[in-house]
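>>> here's my sequence, what's the structure:
(chains A and B)
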Amino acid sequence: MLRLEGVTVRFGGRAVLDAVDLDVADHETVCVLGPSGSGKSTLLRVVAGLQPAHAGRVLLGGRDQGGVPPHRRGVGLMFQDHQLFPQRDVAGNVSFGLRVRGTGRAEIERRVAELLDLVGLPGAQKRAVGALSGGEQQRVALARALAPEPRLLMLDEPLGQLDRGLRERLVEELRGLFGRLGTTVLAVTHDQGEAFALADRVVVMRDGRIAQVGTPMEVWRRPASEFVARFLGFENVVAATVTGGRAETVWGSLPVPSGTEPGECVVLVRPGGVRLGPVPGGLACEVVSRTFRGERVVVRLLPEGGPELEASCPLGAAPGVGERVGVSFRVDDVVVLPQSRPFP
Amino acid sequence: MVLARPEVTEAEAAGAPDVTGAPAARQAAERAPGARRAATRLGLMAVPLAFFGVFFAYPVASIVTRGLTDGGRWQLARVGEVLTDPGIRDVLWFTLWQAAASTALTLLLALPGAYVFARLDFPGKRLLRAVVTVPFVLPTVVAGSAFLALVGRGGLLDELWGVRLDTTVWAILLAHVFFNYAVVVRTVGGLWAQLDPRQEEAARVLGAGRLAAWRRVTLPALGPAVAAAALMVFLFTFTSFGVVQILGGPRYATLEVEIYQRTAQLLDLPTAAVLTLLQFVVVAALLAVHARTVRRREATLRLVDASRTARRPRGAGQWALLASVLAVVALLVVLPLAVLVLRSFEGPDGYGLASYRALASAGAGGGTFTVAALDTIGNSLTYALAATAIAVVVGGLAAAALTRREGRLVRGFDALLMLPLGTSAVTVGFGFLIALDEPPLDLRTSWILVPLAQALVGVPFVVRTVLPVLRAVDTRLREAAAVLGASPLRAWREVDLPLVGRALGIAAGFAFAVSLGEFGATVFIARPDNPTLPVAVARLLGRPGELNYGQAMALSTILMLVCAAALLVLERVRTDRTGEF
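Sure, this is the predicted structure:
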């Protein structure tokens, strides 16, 4: 459906998108994940034709979109802050794309009612957009983007400004909706939870380049680099030298999965794989802080040598601040990342 | 020079496109979108540029050229001669100091008003805001007559206490305050109303006293607006013509009045040309300063909805402030207008409609006009409507071209649009006569000449009113429309036009009012048998006889009512985002 080939955009000499290649298949939901300034929104704007690319090609349904203006591309874009038209009511907003295509009045009314039902706002046609809550505006923006039945729907931080409960509910609803409609979706977000919940495939971006592509599970389980690991929130990342099934680090010797190539690399230990026991049993650490995260407690540990470690323990088993513990590592939660090198 | 050559070559090499195919294509792609945008903008600018070129730059340039050349040779020595003439120096000095004094006095009296209108809520506020704006859109001639009726010979103060101010500079200063009160109230008050009160509250919570919080938080935020308002007032009073012409008598003349006298009465074109240039230089400098303060004001402030910041007065201090502001408005704005109306009903045989009746008959005032004075209302309305249409089209296109605030060209264009406000209207009027008198542009006998000159002063108002609204329209709204399938034209119609429509209406109203009141240029180019209302008022005032005076007052009253009606309509549709006026 969508294919990007070597797309490059520069703002004042700085490459915001640097030779990006990307494919999105029909009916697939792809989520671009990255910190702010990584070029995600620019990517959507290039596909929509709002931002000309300085190099590379954008193909939609196999056709090069160079020189095709935004209003002839047949894509939908839901803006980060919705950008509803303030002077029109809900129906006026939702029907906009149909009206500019010259759809008949009766057909428009039918479609608007249908779409408002779909997004859970039945009968809201006459409401003023200024009087809607954030979540309702979101739904109207979605209905408006869906109305012209775009071949590709793009979402820019679709749930960014909503509170947490609403977000979690909407993610599920969106996923269900896209599945039912068979829509092809390209979304961008900085929130990994959102991306993983929404996407069939996740694309992690950094400084205008793609750092990793994979299913949510693949990316979560095997981050492709130290950057991806840290961006996903993992903090137990350390340089290591692998020899004979063990990795030598500043935290001592760690077990690594069998078959790991010997040599220099970077090792990630998921917080769940950091086990706390009596001091003589492992790496001696002092508990620096405890943070409740619902079901579990995240404990920060300061080893005698080397940077701080994070461990995730069940509620009852968390040690108090100032206590000394011995740390050991579970091999299943140790991930060997490629040698961290300065980003080219 | 030869030594520099290797560096030049090196720089060229660095800047030259790569020889390989792909990067060269990329560079072409980079240039293309920018080029298209620039072309669109140039297209939008073409009409305003042509308009200003033909109807502003060309007439002004021709009159200056005619004044400063003799037999095809430039006589630049005249510049020095005029500038060292003690009489001219006196005029320049008077122009400067009366403008400074008027500005200071206006700020002193109007800043409390700005606060009251911005932050206090009281019954009749909307009506009062319209009332204080009436003088601003009132023709200078009418403002002058209003003050003449108040402080002049046989005026209200003369009758009551034998006080006459019309030969003193005070009459001019007070008339200038009367005129520009609204500029300060609207420019400063408009911003003040939108300043977030929580900023001041934050300062209070951090330990600042009420006064300290105001001085450290609000005042710096208002500073640029105050400066901008002061500059506008200075500009208007520096180029003041009608007011000084009527109230200044033989003693006081501004540059503009002097230009008029040199041009129309003494036929001393060289001096008039030098004075025009002088005024041009001063005004250009002022506008440059103004543009800078405006930009700073736009840049930094966080604004809130104005309707949420006003409260009912609390405490003796606020009530006293409100009372004193109301008193100033009553004395300085309402009283002159009331006296004007009163005088219009006064005739030789006591109060009545004699003056109004006289307006209806031609030649009643001793052959002042070949037509009935009442007919001038029809002329004025027709001219003003045509001028408004021209101003809206030209100003609207200019505003559309200036929406994106980038590039030095745009900024220069921005300033250019303001220039007619400060250029000698007399020069423009006379320039029309001598420049547009031969084919292909022989407009001397065409009625369109008057609306064209009036539109010149209307355009800056249109641009200043519409531009901020256009700039406030989020580009992404247009993008949203484009992605939904709307072509650029459709997106403009669906997104921009509904949002800008109101501002455009207000702009048209202001353009209409200033066109209606335009005097300096119109007095030259209006044909004797088709005078406009302000021209008729000035002629009536220039003739002796009580009936003429009464007629002038009656005509002014009618003009005032037309302007006030237009203004009240505007006040209803006024939004808080609409520009500076």
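>>> just for the stretch 1-150 of chain B, where's the confidence low?
Scanning the stretch 1-150 of chain B with the threshold set as pLDDT under 70 gives B:1-38, B:71-72.
>>> where exactly do the strands run in it?
Secondary structure of the stretch 1-150 of chain B by DSSP state E, counting those that start in this stretch: the strands cover B:69-70, B:73-74.
>>> out of the ones you listed, which gets nearest to chain A?
Proximity to chain A, assessed across these by Cβ to the nearest Cβ, is greatest for strand B:73-74 (46.6 Å). (Each C-beta comes from the backbone N, C-alpha and C, glycine too.)
>>> my read: B:Val217 touches B:Gln199, true?
Yes: taking contact to mean Cβ atoms under 8 Å, the distance of 5.2 Å between B:Val217 and B:Gln199 places them in contact.
>>> looking at the two, which one has more neighbours?
Set side by side, B:Val217 and B:Gln199 show more neighbours around B:Val217, with 21 against 16, by other Cβ atoms under 10 Å in any protein chain shown.
>>> before we move on, what SS does the more buried one have?
Look at B:Val217: counting by DSSP: H, G, I helix; E, B strand; the rest coil, its state is helix.
>>> please enumerate the helices of chain A.
A:40-48, A:90-94, A:96-99, A:105-118, A:134-146, A:164-181, A:192-198, A:216-221, A:226-231 (DSSP state H).
>>> closest one to B:Ile172 among those helices?
In this view, the helices of chain A are compared for proximity to B:Ile172 by Cβ to Cβ, and helix A:90-94 is the closest at 54.1 Å.
>>> quick check: buried residues in the helix-or-strand element of chain A with minimal mean pLDDT?
The helix or strand of chain A with the lowest confidence, counting by mean pLDDT, DSSP states H and E, is helix A:164-181 at a mean of 83. In terms of neighbour count (16 or more other Cβ atoms under 10 Å in any protein chain shown), helix A:164-181 has its buried residues at A:Arg167, A:Leu170, A:Val171, A:Leu174, A:Arg175, A:Leu177, A:Phe178.
>>> could you check how far stretch B:555-573 is from the centre of its chain?
If you compare the mean C-alpha spot of stretch B:555-573 with that of the full chain, they lie 17 Å apart, counting by Cα atoms, centre = their mean, to the nearest Å.
>>> any idea of the mean pLDDT for that stretch?
Within the predicted structure, the mean pLDDT of stretch B:555-573 is 75.
>>> mind listing what's buried in it?
Buried positions in stretch B:555-573, judged by neighbour count with 16+ other Cβ under 10 Å: B:555-560, B:562-564, B:566-567, B:570-571.
>>> what packs against the longest helix belonging to chain B?
Of all the segments of type helix in chain B, defined by DSSP H, the longest one is helix B:86-119. In terms of contacts (3 or more Cβ pairs under 8 Å, 6 or more residues apart in numbering or on different chains; DSSP states H and E), helix B:86-119 is packed against helix B:125-137, helix B:169-194, helix B:219-238, helix B:255-260, helix B:269-300, helix B:315-329.
>>> same thing but 10 Å
Helix B:86-119 makes packing contacts with helix B:77-84, helix B:125-137, helix B:169-194, helix B:219-238, helix B:242-247, helix B:255-260, helix B:269-300, helix B:315-329 when contacts are defined by 3 or more Cβ pairs under 10 Å, 6 or more residues apart in numbering or on different chains; DSSP states H and E.
>>> for these, give me a markdown table that also has mean neighbour count.
Formatted as a markdown table, the entries for the helices and strands packed on helix B:86-119 read as follows, by neighbours: other Cβ atoms under 10 Å in any protein chain shown:
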| stretch | mean neighbour count |
| --- | --- |
| helix B:77-84 | 14 |
| helix B:125-137 | 20 |
| helix B:169-194 | 24 |
| helix B:219-238 | 21 |
| helix B:242-247 | 27 |
| helix B:255-260 | 26 |
| helix B:269-300 | 18 |
| helix B:315-329 | 14 |
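>>> so which of those helices gets nearest chain A?
Put simply, out of the helices and strands packed on helix B:86-119 the one that sits nearest chain A is helix B:169-194, at 17.8 Å, with distance taken as Cβ to the nearest Cβ.
>>> does the closest one reach chain A?
No: shown here: helix B:169-194 not in contact with chain A (Cβ under 10 Å from any Cβ of the partner chain), separated by at least 17.8 Å.
>>> so the following helix or strand past that helix versus helix B:86-119, what angle?
Scanning forward in sequence from helix B:169-194, with DSSP states H and E defining helices and strands, the next element found is helix B:197-205. Angle of helix B:197-205 versus helix B:86-119, following axes from the mean of the first three to the mean of the last three Cα atoms, to 10 degrees, is 80 degrees.
>>> how about helix B:197-205, which residues are buried there?
Residues of helix B:197-205 classed as buried under the neighbour-count rule (16+ other Cβ under 10 Å) are B:Gln199, B:Glu200, B:Ala203, B:Arg204.
>>> in the residues you listed, find the pair that's most separated.
Between all members of the buried residues of helix B:197-205, the longest pairwise span (Cβ to Cβ) is found for B:Gln199 and B:Arg204 and amounts to 10.0 Å.
>>> any shared contact partners between those two?
Contact criterion Cβ atoms under 10 Å, 6 or more residues apart in numbering or on different chains; residues shared by B:Gln199 and B:Arg204: B:Ala213, B:Val217.
>>> what about A:Glu5, distance to chain B?
The span separating A:Glu5 from chain B equals 13 Å under the rule Cβ to the nearest Cβ, to the nearest Å.
>>> that residue: neighbour count?
When counting by other Cβ under 10 Å, one arrives at 15 neighbours for A:Glu5.
>>> same check, this time on A:Leu155
Going by other Cβ under 10 Å, the residues that sit close to A:Leu155 add up to 27.
>>> could you do A:Val250 as well?
By other Cβ under 10 Å, the burial measure for A:Val250, its neighbour count, is 13.
>>> need the distance between the two termini of stretch A:144-156.
One end of stretch A:144-156 to the other measures 14 Å (Cα to Cα, to the nearest Å).
>>> that concludes my questions; thank you for your assistance.
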